[in-house]
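**Student:** Kindly generate the corresponding structure for this input.
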Amino acid sequence: MELGQKIRQLRTRLGLSQTAFGKLFRPTVSREAVSQWETGETQPSSLNLQQLTLLAGENIVLSGGNETLVTASMPQYRVMVRGAVQGGHFAEAVERPTAEWYQVLVPLSGRYALLNPYALEVIGPSMNQTFPPGTILICVNVYDLPKPFKFEVDQYYIVHRRQPDGRIEATVKRVRRSADGSYWLWPESDHPDFQAPIPAAGRPGDEVKVTGRVIKAIRDYD
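**Tutor:** You can find the predicted model right below:
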């Protein structure tokens, strides 16, 4: 299969338009450039080929003018643990001081590998049925996801709740959709203090902001 066909196949598998697919690259690529790749009119640059490798989880090999894809081991990335999620804990700052950040080595592939992932540590029991204390959540900023942003039901998101005094609670919640089409943020905990869901739209005096999408969870790490 030719490279252009593989690129079109990858884009289709990710469920993205040519415009949205181009926005995954750094720097971004125009819709026209993606179209030219797919038709074989032009070839991606060496940098774009590296990024395509990350998106596909495969190596792109160019040899004698023939383009093929071969399976490769999943790339490992060093991701910074910048803070924590802890239900019921409100603080002035969500992230820790940079001197307290530390790295974890994470296997990543697919469309999220290019979106500057970051990590948060789970503290406390607010999601202990899914993410026990000590779990490391690998996340991407929702603002880096293709626009327009839409919730993915049954996936996990980082949620900030701001109180009137300005203090913020950072938690992780599972998104569910009710019969009326509204989205709710659900805890998954056996602790009695963390049973009630939160409307994604927030409540009066309780500002809710979804900031991150969880793409991987690590329980045992070095």
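**Student:** Where does the one residue sitting closest to the centre of the chain sit: helix, strand or coil?
**Tutor:** In the chain, the centroid-proximal residue (Cα atoms, centre = their mean) is residue 140; its distance is 3.4 Å. Three-state assignment for residue 140 (DSSP: H, G, I helix; E, B strand; the rest coil): strand.
**Student:** which residues sit in contact with it?
**Tutor:** Contacts for residue 140 (Cβ atoms under 8 Å, 6 or more residues apart in numbering) come out as 112, 115-118, 212-213, 215. (Glycine included, C-beta is placed from N, CA and C.)
**Student:** Quick check: residue 19 is in a strand.
**Tutor:** No. Using three-state DSSP, the secondary structure at residue 19 is helix, not a strand.
**Student:** Flag every buried residue along the longest strand anywhere in the chain.
**Tutor:** As assigned by DSSP state E, the longest strand anywhere in the chain is strand 207-218. Using 16 or more other Cβ atoms under 10 Å as the test for burial, strand 207-218 gives 208, 210, 212-215, 217-218.
**Student:** cool, and stretch 198-206?
**Tutor:** Across stretch 198-206, burial judged by 16+ other Cβ under 10 Å covers 198, 200.
**Student:** Give me the contact list for it.
**Tutor:** With Cβ under 8 Å, 6+ apart as the test, stretch 198-206 has contacts from 151, 159, 161-164, 173, 175, 182-185, 208, 210.
**Student:** Between the two ends of it, what distance do you get?
**Tutor:** Start-to-end span of stretch 198-206 (Cα to Cα, to the nearest Å) is 10 Å.
**Student:** Likewise for stretch 29-48?
**Tutor:** Stretch 29-48 has its terminal residues 9 Å apart, counting by Cα to Cα.
**Student:** Can you give the distance from that stretch to the centre of its chain?
**Tutor:** Computed by Cα atoms, centre = their mean, to the nearest Å, the chain-centroid distance of stretch 29-48 equals 25 Å.
**Student:** And for stretch 189-199?
**Tutor:** Offset of stretch 189-199 from its chain centre (Cα atoms, centre = their mean): 24 Å.
**Student:** now residue 166, nearest residue through space, not along the chain?
**Tutor:** Nearest residue to residue 166, sequence neighbours excluded (Cβ to Cβ, 6 or more residues apart in numbering): residue 92, at 7.0 Å.
**Student:** Next one: the one you found from residue 202, what distance?
**Tutor:** 20 Å (Cβ to Cβ, to the nearest Å).
**Student:** sec struct for the closest residue to residue 23 other than its chain neighbours, please.
**Tutor:** Spatial nearest neighbour of residue 23, excluding adjacent residues (Cβ to Cβ, 6+ apart): residue 146 at 6.2 Å. Following three-state DSSP, we place residue 146 in the coil state.
**Student:** Look up which residues are beta-bridged to the residue nearest to the centre of the chain.
**Tutor:** Beta bridges link residue 140 to residue 213 when assigned by DSSP bridges.
**Student:** which residues does residue 117 contact?
**Tutor:** Counting by Cβ under 8 Å, 6+ apart, residue 117 touches 77, 79, 106, 108, 138-140, 215.
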